[in-house]
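Student: Turn this into a model:
(2 chains)
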There are 2 protein chains.
Amino acid sequence: MNQRFTPPPPVDLMARHAQRFAGAQRACRERSCWSPFPDMPAGYPDSAAAQAAGRAAFESHLGRAFVLDDGVARPAATVGDVQPGEEISPYTQQALRVSYAHREVDELFDAAERAMPAWSNAGIDARIGTLMEVVDVLYREHLFELTHAVMHTAGQSFNMAYAGSGVNALDRAIEALVYAEQAMRSVTPQAQWRRRFGSAEIALDKHYRLVPRGVAVCFTCASFPTWNAWPSMMASLATGNAVIVKPHPATVLPMAISVRAFRRVLAEHGFDPDLVTLALDTVAEPLGKVLVRHPKTAIVDFTGSVAFGQWVEQNAHPALAFTETAGCNTVVLESAHDLDAALRSLATTLCMFSAQMCTSPQNIYVPRDGVRTPSGTVPFDDVARRLAQAVAALTGDDKKAAMILATIQSPQTLSLLGQLQADGARRGEVLLAPRAYRHPEHPAARTSTPLMLKVDTSARDLYAGERFGPISFVIACADSRDALAQAASDVSRHGGLTAFLYSTDEDFIVRAQDAYARAGAQLTINLTGPMPLNFAAAYSDYHVTGLNPAGNASLTDLAFVAGRFRITQSRRPVDDAAAPNATPKKEETRHGHQ
Amino acid sequence: MNQRFTPPPPVDLMARHAQRFAGAQRACRERSCWSPFPDMPAGYPDSAAAQAAGRAAFESHLGRAFVLDDGVARPAATVGDVQPGEEISPYTQQALRVSYAHREVDELFDAAERAMPAWSNAGIDARIGTLMEVVDVLYREHLFELTHAVMHTAGQSFNMAYAGSGVNALDRAIEALVYAEQAMRSVTPQAQWRRRFGSAEIALDKHYRLVPRGVAVCFTCASFPTWNAWPSMMASLATGNAVIVKPHPATVLPMAISVRAFRRVLAEHGFDPDLVTLALDTVAEPLGKVLVRHPKTAIVDFTGSVAFGQWVEQNAHPALAFTETAGCNTVVLESAHDLDAALRSLATTLCMFSAQMCTSPQNIYVPRDGVRTPSGTVPFDDVARRLAQAVAALTGDDKKAAMILATIQSPQTLSLLGQLQADGARRGEVLLAPRAYRHPEHPAARTSTPLMLKVDTSARDLYAGERFGPISFVIACADSRDALAQAASDVSRHGGLTAFLYSTDEDFIVRAQDAYARAGAQLTINLTGPMPLNFAAAYSDYHVTGLNPAGNASLTDLAFVAGRFRITQSRRPVDDAAAPNATPKKEETRHGHQ
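Tutor: Got it, this is the predicted structure:
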C-alpha cells in the first residue's frame, strides 16, 4: 500500500457537488435534456472578462515549456527532459512552439501504480467527489483557455470549441461518473450470510472490495480531443484506476491543460497527482504500440483512426479496449414534407467544422427516380443540385464560412480533397468544387469549402470508407429500398455512428429503424430547423453502438464502466471477526466503499 | 425480421415467477443467503419418487440416440446425422453409448441468427419470464435426471451432483438473470427531449432499442458442466442473443438434457427453439477454434483448460470472451485457535470431489517454524503429518471415501498422480500416497485417494500451476510473511480463484486481505465446521475476480452481462412522430423494451 500521502482532508467534495450529480443521475435515467452549464459562451458568468483571461492563459503557453505541475503541491519527482511539441495552429499555420516535459514510459507506469492504492482505498464518494471537483475546476478556471487551445490545435471554431469541446464534453464526463457510480453501487460493501449445514448454523461476515483493474492508457485524437478523453478518464479514475494520457502529437495542449487540472485537484485533496500523467510522442516515433503492449496496461481507451483502432482491439489483450474510430455516416433521402428545409439541415451538417466530426454525414443515398414531396417528385439531379446550392449558400461569404467551416485540421485533408475531386470528375460529376476561403480574422488559416460529388453505386470504391474532411457523395440508387440497403451495408461493413433519414412513409421509417438498429447507427429522422443534425446530447444520445467497425464502446452505457473494476471478497465467521482484537472498522474503510 | 413464428401467447411468465425473481433480486442486493430450492435431495418434493423417475429418465438415454427435440412442438428443420458420443461413466468405466444428432456449424449459426429477431423484439419481461420458466422446468422435471447424468459423466457424487450441479447451478442461473435485467433496465425505452437552439425549441421523441450482440458460443467443461454453463446461457439469452452450446466430449449428456429443456420451453412459448442449440465434437476432431473464429460468433463463454482459455481470450476478437479456467488455490496456515478444527476443514476440502473443483485448494503454505496455537507452536512436520492424518481419516473407509471423493473424471488424472508421486518422493516427501478405493455401489469406479506431498519452495516447479485432481502440497516457508508472499505470487502468476487463511493475528489478516485482493483470489478466513471451505454461495459469493490468469469473468457482476447487448436509438421531432400515419405504439413494441 502506498504510504506516501496522508489521507484526504475532510473536505466533502461529494456533498459540494451533490445537487449537480443528482441532476445528472436524473437526466441519465430519463435521458432528458439537462446541463449545469450555459450552452453558449455569452451565457458564461462574467463572459467578456472570462474570455479575455482564457485567451491570455492560452497565449501564455506559446513558445514556452508547459509546466505540468504548475500549482501542484507535490510535483512529480521525475520531470524529465523537455521535448518540443509538433503543434501547428490551423488558424495561423504557425507552430505553437510549446514544449512538454518527457517522462519515460516505465516511469509513468510505475508512478501510476504507486498512486492507485490510496486512491482506490479512498472509496466511491471521495473519488466521485474529487472528479466532480475536477469538472468544476475545468469549467470555472480553464474553459476559455481550453477553447483557444482546441481552436489552435484541432482547428475548431470558437463556438464549437466552447460548446462541443468544452461544456458538452464536461457533461459527457459527468455522465461517465454517473454510470461508474451506478455500477459500483450495485456491489454491497458488506453482508452477513447465515446458512444451516446439517445441524450447525454457519454465520459469515463478508466484505466486498472494489479493485481497480490497473493502469489505463487514454489515446486522444487530433480533431476532437476532450470529448472522448474526459469521459474515458473519468470512467477509469472513478473506478480506482490511474490514467496515462497519450494525445495525438498535433493536439497536445488541450490535453496538457486538462491533465494539469486533474493533477492539481487530486494533489489539493491529498491524492497522488501521478494518477493522471501525460505520455508524449512524435509522428516520427509513435509510442502507441509500446503503450498498448506494456505489461502494466490494464485498460486502453482509443479515439482515432480505424486502422490503429482495430490494431488496438486485436492486440490489447489482456487489457480491456474501448474504441471509437470512424465510419461512413449515411443519409437516406426518400421523401420529405419540406425538401428545402431538409436540404438546408443537411447542408449545415455537411459544413459544420468542415465535416471533421465522427458524426458528420458523408454518403447521401437518393432514389434515381427522385424524392417525393407534397408538390410532386423532385428528380435526382435537381435534389443533388439544390443540396449543393444550399452548401454553397452557407459558405459563399467568408464570414459565414468561417463560423461554420472553421479550419482544416490536417494538411493531409487538403491532399485528399484534391485527389477525390479528380477521381470524382472522372467517375461522376463534381457538384461543388472545394476552394480555400479567406478567414476574416486569420487570413493564413488552412481552409476549404466542401467537395461534393454526384456518383452512382458503380463508384462505391470512392465512398466506401470514411473520407475524412468536407467530402460528401450524392449517390443515385435504384429505388428507396436500394438506398436503404446500400446505406445500411456501408454502416455494417465500414462502420457508422450516425444516420439520417427523410421520409414521409411510416412503413419505410420502420424498416429504416430496423435496418439501422441491426447495423448499429444512431438514426435521426426528419429533423429540420436550427439544431445541427449530428448534435449528440450528453445524458441522452448514446454515442457509438459497438455493433459495427466504428468502435466498440458507447458513451455512456454500463458496459463502458462495469469492467474497469473488479470485485474481491473476504469472508470469515461472525464470531471470529468479532473477536476482541479484530478491526472490522479499519478494514471496512480500506475496502474502498463508503 | 424473422416471421417464422407467431408472437408469444399471452402467458405472463414474468408474473408467474415474479416472487422468486424478486427474492433473487433482494439476495443479490444484500448478498445474503437465499435459495428457492431445497439444498439436499431429501428436501425435494416427493423425493423418493422423483429420484426414481430421474434415474429412470437417465437410464432411458443409455445406448440410444438422444432426441434433442423430444417434446418440442417445432423441431429443427435439419436434424443431421447421428454421431456416437465418447462418454464413459467414471462409476462403471463403461461407455454410455448415447449418440447425438450432428448439425453443421454454419447451419447452427444460420439457425441462431434466424431465431434472434423475434426473441429480441419480445422484450425484457418476455425473455426473463421465459428463462425463469426454463429454470423451473429444469428443477421440476429434470433435476434427478441431470443428477445421474452428471454423476456418470463428470463423476460427481449423488449429493454434489444434486446440489452443486443442480440447485446451486440453478441459483447461479437466476443470479445471471437478475444482473442482466438490472443492466437492461438502466436504459430507458423512450424519452422526450426539448432544448432551445437560438430562438427555436426543438422537441425530439427518442426511442432506445436493446440490440443483442449476436450468436454466443458456450463451451462447457468435463467435470462441472452446468454450474458455469447455465449462468452464461442465461446471460446471453436474457439480453436477446442465441446460444450454441459446445460441451466437452466426455460430458455431453447433462448439456444435451439442458439444451432440450431450453428448446422445449422456448418453443412452447412461441419462440424459435434454435435460440439454443448443441454443437458436438470429438477429442480427435475438436471444433473449438472453428467456433471461436466463426465470423458470426459474437460472444464466447469458456470454462475449461488454462491453455485453451488463454487462446480464446487472445483470439475471440471481435467477439467478447468470458473465461473461467483454473488456478493454484492457496492456503496460508499462520496460527490457529483450534488447529485440529482447521486441519479437519482443510482435509475435507482437499477430499471433496477428489479436488476436481476449480475452487479446491492445492498449495498449503506453512512457516518452517510451525503454526502458533494457544497451546504453543506446532512444528511444521507435525502440522503436515496431522493434516495428512485428517485426510486419511476421511478416506480410510470405502463408504466414507465414496461420499466425499466420488470418482476421478479422467484417466489422465491417474497418470498425473503417479508421476507426481514419483517426483514428490524424489524432491520432498510423500505425506500420503494415493490408492484406488473400492466404491461400495460401483466396484468398477475410477477412484483414487489423495496424494499429499511435503516440499519446500525449491520444488516450486512441481506446484507452480494447477495440478488437476486430488493433489496437494504442504510447503515449508521461511516465515509467515514468506508464506503469504509465496501464496499471493502463485495466484498472480498462475491464477487462483479461492484462498484460505488461518490466523489469529489481526494485522496479518489485514495484510492477507490486501495481498489476496491485489492478486484477485476470494479469501476465506478461519472457517471451521461443517461448511465446505470452498463452498461458493450463489447471490453472495463472487466467483472468479478477473484479476489473474484463472479467468476474466465473474459470476455474477454487471460486467458479465452489460456488454452482451448494445443500445441503438432513433429520434425524430415530436410533431413529426405524432403525424396521423405515425405508428409509435407498434414501433415501441419492436424496441425490445417493456
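
Student: Tell me which stretches of the stretch 201-350 of chain A form helices.
Tutor: For the stretch 201-350 of chain A, the helices defined by DSSP state H, counting those that start in this stretch cover A:225-238, A:253-268, A:288-293, A:306-315, A:339-351.

Student: Nearest to chain B, out of those?
Tutor: Of all the helices of the stretch 201-350 of chain A, the one in closest proximity to chain B, counting by Cβ to the nearest Cβ, is helix A:306-315 (5.3 Å). C-beta here means a position set from N, CA and C on the backbone, and glycine is covered the same way.

Student: just checking, what packs against the lengthiest strand in chain A?
Tutor: Criterion DSSP state E: the longest strand present in chain A is strand A:200-212. When contacts are defined as 3 or more Cβ pairs under 8 Å, 6 or more residues apart in numbering or on different chains; DSSP states H and E, strand A:200-212 packs onto helix A:105-121, strand A:190-197, strand A:565-573, helix A:574-577, helix A:584-590, helix B:506-519.

Student: Reformat the helices of the stretch 201-350 of chain A as JSON lines; add mean neighbour count.
Tutor: JSON lines is the format used below for the helices of the stretch 201-350 of chain A (neighbours: other Cβ atoms under 10 Å in any protein chain shown):
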{"stretch": "helix A:225-238", "mean neighbour count": "29"}
{"stretch": "helix A:253-268", "mean neighbour count": "24"}
{"stretch": "helix A:288-293", "mean neighbour count": "17"}
{"stretch": "helix A:306-315", "mean neighbour count": "18"}
{"stretch": "helix A:339-351", "mean neighbour count": "22"}
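
Student: would you turn the ones you listed into JSON lines with mean pLDDT and distance to chain B?
Tutor: Output for the helices of the stretch 201-350 of chain A, formatted as JSON lines (pLDDT from 0 to 100; distance: least, Cβ to the nearest Cβ, whole Å):
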{"stretch": "helix A:225-238", "mean pLDDT": "98", "distance to chain B": "13"}
{"stretch": "helix A:253-268", "mean pLDDT": "97", "distance to chain B": "22"}
{"stretch": "helix A:288-293", "mean pLDDT": "97", "distance to chain B": "13"}
{"stretch": "helix A:306-315", "mean pLDDT": "94", "distance to chain B": "5"}
{"stretch": "helix A:339-351", "mean pLDDT": "98", "distance to chain B": "11"}
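
Student: would you list those helices in TSV and tack on distance to residue A:574?
Tutor: Shown next, in TSV, are those (distance: least, Cβ to Cβ, whole Å):
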stretch	distance to residue A:574
helix A:225-238	32
helix A:253-268	38
helix A:288-293	46
helix A:306-315	46
helix A:339-351	63
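
Student: Minimum distance to residue B:106: which of those helices has it?
Tutor: helix A:306-315 (24.1 Å; Cβ to Cβ).

Student: Let me know the angle separating that closest one from helix B:306-315.
Tutor: 170 degrees (axes from the mean of the first three to the mean of the last three Cα atoms, to 10 degrees).

Student: and the stretch 1-150 of chain A, which of its residues are near chain B?
Tutor: Residues of the stretch 1-150 of chain A found near chain B (Cβ under 8 Å from any Cβ of the partner chain) are A:1, A:29, A:30, A:31, A:32, A:33, A:39.

Student: of those residues, buried ones?
Tutor: A:30, A:31, A:32, A:33, A:39 (16 or more other Cβ atoms under 10 Å in any protein chain shown).

Student: So which of the residues you listed are in helices?
Tutor: residue A:30 (DSSP state H).

Student: Closest to residue B:422 out of the buried ones among the residues of the stretch 1-150 of chain A next to chain B?
Tutor: Once Cβ to Cβ is applied, the member of these that ends up nearest residue B:422 is residue A:31, at 65.6 Å.

Student: Do I have it right that that closest one meets residue A:540?
Tutor: Yes: counting by Cβ atoms under 8 Å, residue A:31 sits close enough to residue A:540 to count as a contact (4.5 Å).

Student: Between those two, which contacts overlap?
Tutor: Residues touching both residue A:31 and residue A:540 by Cβ atoms under 8 Å, 6 or more residues apart in numbering or on different chains: B:191, B:193, B:206.

Student: tilt between the helix ranked longest in chain A and strand A:200-212?
Tutor: The residue-count maximum for a helix in chain A (DSSP H) belongs to helix A:124-154. On the basis of the same axes, to 10 degrees, helix A:124-154 is oriented at 20 degrees to strand A:200-212.

Student: will you turn the shared contacts of residue A:31 and residue A:540 into a markdown table that also has distance to residue A:181, pLDDT and neighbour count?
Tutor: Below are the shared contacts of residue A:31 and residue A:540 laid out as a markdown table (distance: Cβ to Cβ, whole Å; pLDDT from 0 to 100; neighbours: other Cβ atoms under 10 Å in any protein chain shown):
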| residue | distance to residue A:181 | pLDDT | neighbour count |
| --- | --- | --- | --- |
| B:191 | 21 | 97 | 21 |
| B:193 | 23 | 98 | 21 |
| B:206 | 23 | 98 | 23 |
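
Student: Looking at those, which one is closest to chain A?
Tutor: For the shared contacts of residue A:31 and residue A:540, the nearest to chain A is residue B:191 (3.8 Å; Cβ to the nearest Cβ).

Student: and the longest helix of chain A, average pLDDT?
Tutor: Helix A:124-154 comes out with an average pLDDT of 98.

Student: and that helix, how far from the chain's centre?
Tutor: The chain centroid and the centroid of helix A:124-154 are separated by 14 Å, computed with Cα atoms, centre = their mean, to the nearest Å.

Student: what helices or strands is that helix leaning on?
Tutor: helix A:13-16, helix A:18-30, helix A:47-61, helix A:158-162, helix A:168-185, helix A:225-238, helix A:253-268.

Student: Using PDB, write down the CA coordinates of the fifth one.
Tutor: Output in PDB follows, covering the C-alpha atoms of helix A:168-185 (Å, rounded to 0.1, in the frame of the first residue of the first chain):
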ATOM      1  CA  ASN A 168     -20.700  19.300 -23.800                       C
ATOM      2  CA  ALA A 169     -17.500  17.300 -23.100                       C
ATOM      3  CA  LEU A 170     -17.800  18.200 -19.400                       C
ATOM      4  CA  ASP A 171     -21.400  16.900 -19.500                       C
ATOM      5  CA  ARG A 172     -20.200  13.600 -21.000                       C
ATOM      6  CA  ALA A 173     -17.500  13.500 -18.300                       C
ATOM      7  CA  ILE A 174     -20.200  13.800 -15.600                       C
ATOM      8  CA  GLU A 175     -22.300  11.200 -17.400                       C
ATOM      9  CA  ALA A 176     -19.400   8.700 -17.200                       C
ATOM     10  CA  LEU A 177     -19.200   9.400 -13.500                       C
ATOM     11  CA  VAL A 178     -22.900   8.700 -13.100                       C
ATOM     12  CA  TYR A 179     -22.600   5.200 -14.700                       C
ATOM     13  CA  ALA A 180     -19.400   4.400 -12.900                       C
ATOM     14  CA  GLU A 181     -21.200   5.200  -9.600                       C
ATOM     15  CA  GLN A 182     -24.200   3.100 -10.600                       C
ATOM     16  CA  ALA A 183     -22.000   0.100 -11.400                       C
ATOM     17  CA  MET A 184     -20.000   0.400  -8.200                       C
ATOM     18  CA  ARG A 185     -23.100   0.900  -6.000                       C
END
